[in-house]
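*Asks:* sequence isn't available, so here's the structure alone:
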């Protein structure tokens, strides 16, 4: 049985727009700001002054100057990855809370149950998903680049000039965006339920990916329709912030303010998306709250292979 998009969206928003949802949004925002500040500090760190009379090694930055761009960018990247230690436990609790549907209460079991191991697995799964998306994006860009060269090589010179100078030139980017974004969207949707499998069913990382793939099979378009609006809002807001601070470098305080605004918007949208995807997962697997009863009655849950059908019409 397929997903009911309207029911999934309505149910997900209803669970996310509650007292617990607001608490999760606030907590995720604070953690995201702390992570952004940590990354910003790493990227703008100055070289210590050093010992009096001691000369800087040849090729090393002079004392009192900022770190080289390559070094600060690498430190910021590593800081951003490790900063997930702050946000991942919040995401786990958010998934459990939105599946449990406690609304105005947050049982301790949702917060502390196997949180350490689940955080480690969630972190590994997040890295694997990011690597897959990066690889697909890189391959798509290469394919577009090589395809453009091949097409330009066979076109007559007059047609090349007409295409590059016409008002329809921007439309040529549409096929390129499809080539790059379609595989990424496919993978993103296929693994939308990895978080639920890890946080609720205590699955291992490989099992979580396999179960998510099986559960979402045949419902990718419906699931995409359910989350396209919040993802669109997230993308649009990011572009808007980029327009407001186009000249801000990473070391600028303006960039930190922009990151704070993005963190606020992203925290709200992330919980809304988790609410929608959790509702879709519930509908397709039949796993629902209260999770205290679910865990006590059947640790592995019904349909451990993740092939359950929807339970609501």
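*Replies:* Yes, it's here. All of these numbers come straight from a predicted model, not from anything done at the bench.

*Asks:* pLDDT below threshold where in the stretch 51-200 of the chain?
*Replies:* For the stretch 51-200 of the chain, the stretches with pLDDT under 70 are 51-84, 158-172.

*Asks:* show me the helices in it, by range?
*Replies:* Along the stretch 51-200 of the chain, counting by DSSP state H, counting those that start in this stretch, helices occupy 69-82, 84-100, 108-112, 115-154, 157-165, 173-190, 194-199.

*Asks:* so which of those gets nearest residue 254?
*Replies:* Residue 254 lies closest, by CB to CB, to one member of the helices of the stretch 51-200 of the chain: helix 69-82, at 16.3 Å. Just so you know, the C-beta spots here come from the backbone N, C-alpha and C atoms, and that holds for glycine as well.

*Asks:* where does residue 191 fall, phi/psi-wise?
*Replies:* Dihedral pair for residue 191: phi -110, psi 30, per degrees, to the nearest 10.

*Asks:* what do you get for residue 103?
*Replies:* phi 60, psi -80.

*Asks:* is residue 203 part of a helix or strand, or is it coil?
*Replies:* Counting by DSSP: H, G, I helix; E, B strand; the rest coil, the backbone at residue 203 sits in coil.

*Asks:* ok, it touching residue 196?
*Replies:* No. Between residue 203 and residue 196 there is no contact under CB atoms under 8 Å: 9.2 Å.

*Asks:* for residue 137, see how far away residue 145 is.
*Replies:* For residue 145, the distance to residue 137 equals 13 Å [CB to CB, to the nearest Å].

*Asks:* more neighbours, the two?
*Replies:* With neighbours defined as other CB atoms under 10 Å, residue 145 and residue 137 compare such that residue 137 has more, 14 against 11.

*Asks:* hmm, the more buried one is touching residue 177, no?
*Replies:* No. Between residue 137 and residue 177 there is no contact, the gap being 11.4 Å when judged by CB under 8 Å.

*Asks:* who touches both of those two?
*Replies:* Common contacts of residue 137 and residue 177, defined by CB atoms under 8 Å, 6 or more residues apart in numbering, are absent altogether.

*Asks:* residues in contact with residue 237?
*Replies:* Taking CB under 8 Å, 6+ apart as the definition, contacts of residue 237 comprise 262, 265.

*Asks:* rerun that using 7 Å as the cut-off
*Replies:* residue 265 (CB atoms under 7 Å, 6 or more residues apart in numbering).

*Asks:* that one is in what secondary structure piece?
*Replies:* helix 220-244 (DSSP states H and E).

*Asks:* buried sites along that helix?
*Replies:* Within helix 220-244, the residues scored as buried using 16 or more other CB atoms under 10 Å are 220, 222-224, 226-227, 230, 234, 237, 241.

*Asks:* so which of the residues you listed is the closest to residue 284?
*Replies:* residue 223 (9.2 Å).

*Asks:* please name the residues that touch the closest one.
*Replies:* Each residue near residue 223 by CB under 7 Å, 6+ apart is listed here: 3, 189, 192, 216, 280.

*Asks:* so residue 278 sits against residue 99, correct?
*Replies:* Yes. Under the criterion of CB atoms under 7 Å, residue 278 makes contact with residue 99 at 5.1 Å.

*Asks:* more neighbours, the two?
*Replies:* Between residue 278 and residue 99, residue 278 has the larger neighbour count (other CB under 10 Å), namely 31 against 26.
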